[in-house]
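Peer 1: When you get a sec, could you give me coordinates for this:
(one chain, ligands or ions: 2)
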Amino acid sequence: MEIFDYDNILLLPRKCRVESRSECDAGVELGGRKFRLPVVPANMKTVVDEKICAWLAQNNYFYVMHRFDLDNVQFTRDMKAKGLYASISLGVKQADYATVDTFVKEGLVPEYITIDIAHGHADSVRDMIIYLKKHLPASFVIAGNVATPEAVIDLENWGADATKVGVGPGKVCITKLKTGFGTGGWQLSALKWCARVATKPIIADGGIRSHGDIAKSIRFGASMVMIGSLFAGHEESPGKTVEVDGALFKEYYGSASDFNKGEYKHVEGKRILEPIKGKLAETLVEMEQDVQSSISYAGGKKLMDIRKVNYVTLGGDNAGEHLLM
Ligand SMILES: NC(=O)C1=CN([C@@H]2O[C@H](COP(=O)(O)OP(=O)(O)OC[C@H]3O[C@@H](n4cnc5c(N)ncnc54)[C@H](OP(=O)(O)O)[C@@H]3O)[C@@H](O)[C@H]2O)C=CC1
Ligand SMILES: Nc1nc2c(ncn2[C@@H]2O[C@H](COP(=O)(O)O)[C@@H](O)[C@H]2O)c(=O)[nH]1
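Peer 2: Numbering: from 1, shown residues only. Ligands and ions are numbered 1, 2, ... in the order given. Sure, this is the predicted structure:
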């Protein structure tokens, strides 16, 4: 198997078919809705909050609310009261089953439910998918996180409508160091490997460091890309603002860090400071323009045209040109 990551791949342009990049449509469909961008801010406490999620929904972006210190039912009620879709996260514990039961009792149906645990290739995830499909059959279920084709096949067979791929490539992740496992350092080729067997959408999760990595993810099989660090340092970001030598930063910590958990137990995440980088809306517009440019370099007009391009690997044993024949 070929091993590579975002840094040692470049996509090869094809003849341009548009007169302006504005003709390129960066939108993507997921779960029956069309979103402006194939990008979703990570469901983490220092990345999204209720206000940001409502704004994203109002502006045709996909969001997944985090599941920490949050009343998922109240969140869903609030979103519906504003006429917005609800997209929540669930774990696999008793309290998560109780949340599902409350939804059923109230006749409340979140449009999207993301089952989000560290090691998503697990019977606990299978059981939750089956429970959701039985009790909230209209919800679109995303399940993860996983790292292998076997896991993608299992999650799809258990009933997941989409899978989330990425164990350990995140910027505040220390899974690789603490456990010796994961896709940290080869997330893009892990995505390619998983996409070969996937019959449903994949959300590539973690490791995005520049906007061009979005196009690379799409090329290797993602339908959507989940991003934490690039969103964490905005003026609206929920992380605490910290001043260091006169410069302003926002804190960004892992969901499996002691900062999120409130205790040092099975810690697989750390806390860092991200320089404050302006407004979220401006970054999203820039991302959309960059994805439109990617589509134009791909010689296309729509997002999935990026899948048609050849690529080169830079450096290492696998260096060379990879042509689609
Ligand atoms: N994408 C990634 O690489 C990673 C992401 N995270 C994020 O951190 C958050 C917290 O994750 P998590 O701790 O799973 O959530 P939870 O604390 O909700 O744990 C979920 C359940 O899975 C069990 N569990 C967790 N890890 C393992 C494992 N390696 N093997 C067997 N069982 C396990 C837990 O039991 P017990 O705690 O008793 O073991 C618990 O019952 C999530 O949002 C997750 O996505 C965390 C690590 C890696
Ligand atoms: N191993 C861990 N991974 C984590 C933790 N908290 C979140 N995450 C994952 O990272 C991505 C975001 O990655 P980024 O490179 O864009 O910053 C997020 O969506 C989770 O999948 C954690 O504590 N440990």
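
Peer 1: Pull the strand or helix carrying Thr163 out as PDB, backbone CA atoms only.
Peer 2: Using DSSP states H and E, Thr163 maps to strand 162-165. In PDB, the C-alpha atoms belonging to strand 162-165 read as follows (Å, rounded to 0.1, in the frame of the first residue of the first chain):
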ATOM      1  CA  ALA A 162     -21.800   8.000   6.500                       C
ATOM      2  CA  THR A 163     -18.600   7.200   8.200                       C
ATOM      3  CA  LYS A 164     -16.000   9.400   9.800                       C
ATOM      4  CA  VAL A 165     -12.300   8.500   9.000                       C
END
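
Peer 1: for ligand 1, what are the nearby residues on the stretch 1-150 of the chain?
Peer 2: Within reach of ligand 1 by CB under 6 Å from any ligand atom, the stretch 1-150 of the chain has these residues: 91-93, 116-119, 124, 145. Every C-beta, even on glycine, is put in place using the N, C-alpha and C of the backbone.

Peer 1: okay, those residues in JSON lines with secondary structure and neighbour count next?
Peer 2: Formatted as JSON lines, those follow (DSSP: H, G, I helix; E, B strand; the rest coil; neighbours: other CB atoms under 10 Å):
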{"residue": "Gly91", "secondary structure": "coil", "neighbour count": "17"}
{"residue": "Val92", "secondary structure": "coil", "neighbour count": "20"}
{"residue": "Lys93", "secondary structure": "coil", "neighbour count": "12"}
{"residue": "Asp116", "secondary structure": "strand", "neighbour count": "26"}
{"residue": "Ile117", "secondary structure": "coil", "neighbour count": "21"}
{"residue": "Ala118", "secondary structure": "coil", "neighbour count": "19"}
{"residue": "His119", "secondary structure": "coil", "neighbour count": "16"}
{"residue": "Ser124", "secondary structure": "helix", "neighbour count": "15"}
{"residue": "Asn145", "secondary structure": "strand", "neighbour count": "29"}
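
Peer 1: Would you mind listing the two of those residues that lie farthest apart?
Peer 2: Taking CB to CB as the measure, these span a maximum distance of 16.8 Å, between Lys93 and Asn145.

Peer 1: before we move on, the earlier item: contacts for the strand holding Thr163, please.
Peer 2: Residues outside strand 162-165 that contact it (CB atoms under 8 Å, 6 or more residues apart in numbering): 30-31, 114, 116, 120, 140-147, 151-152, 155-156, 183, 190-191, 194, 198, 200-205, 222-224, 226.

Peer 1: Check stretch 65-81 too.
Peer 2: 43-45, 47-48, 50, 53-54, 57, 85-91, 99, 102-103, 106, 108, 110, 116, 255, 260.

Peer 1: and those residues, which are buried?
Peer 2: Those of these that meet the buried threshold are 43-45, 47-48, 53-54, 57, 85-91, 99, 103, 110, 116, 255, 260, by 16 or more other CB atoms under 10 Å.

Peer 1: Out of those residues, list just those in strands.
Peer 2: Counted as lying in strands by DSSP state E, out of the buried ones among the contacts of stretch 65-81, are 87-90, 116.

Peer 1: Include pLDDT when you put those residues into CSV, please.
Peer 2: Output for these, formatted as CSV (pLDDT from 0 to 100):
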residue, pLDDT
Ser87, 98
Ile88, 98
Ser89, 98
Leu90, 98
Asp116, 95
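
Peer 1: element containing Glu321?
Peer 2: With DSSP H and E as the criterion, the answer for Glu321 is strand 320-322.

Peer 1: my bad, Ile153
Peer 2: helix 149-158.

Peer 1: Can you mark which positions in that helix are buried?
Peer 2: Buried-residue list, helix 149-158, by 16+ other CB under 10 Å: 149, 151-156, 158.

Peer 1: Equivalent analysis for stretch 177-188, please.
Peer 2: So, applying 16+ other CB under 10 Å, buried residues of stretch 177-188: 182-188.

Peer 1: if we can go back for a sec, quick one: average pLDDT of the strand holding Thr163?
Peer 2: What strand 162-165 shows for mean pLDDT is 98.

Peer 1: Any part of that strand near ligand 2?
Peer 2: No - Strand 162-165 does not reach ligand 2 (CB under 6 Å from any ligand atom); its nearest approach is 7.3 Å.

Peer 1: thought His211 was touching Asp290?
Peer 2: Yes - if you go by CB atoms under 8 Å, His211 and Asp290 touch, sitting 4.0 Å apart.

Peer 1: Could you list the low-pLDDT ranges of the stretch 51-200 of the chain?
Peer 2: Of all residues in the stretch 51-200 of the chain, none has pLDDT under 70.

Peer 1: now swap in the stretch 201-325 of the chain and tell me
Peer 2: For the stretch 201-325 of the chain, the ranges with pLDDT under 70 are 316-318, 325.

Peer 1: Leu49 - how many residues pack around it?
Peer 2: Quick fix: residue 49 is Asp, not Leu. Residues near Asp49, counting by other CB atoms under 10 Å, number 16.

Peer 1: measure it to ligand 1 for me?
Peer 2: 15 Å (CB to the nearest ligand atom, to the nearest Å).

Peer 1: How about that residue: what's its closest non-neighbour residue?
Peer 2: Pro238 (4.4 Å; CB to CB, 6 or more residues apart in numbering).
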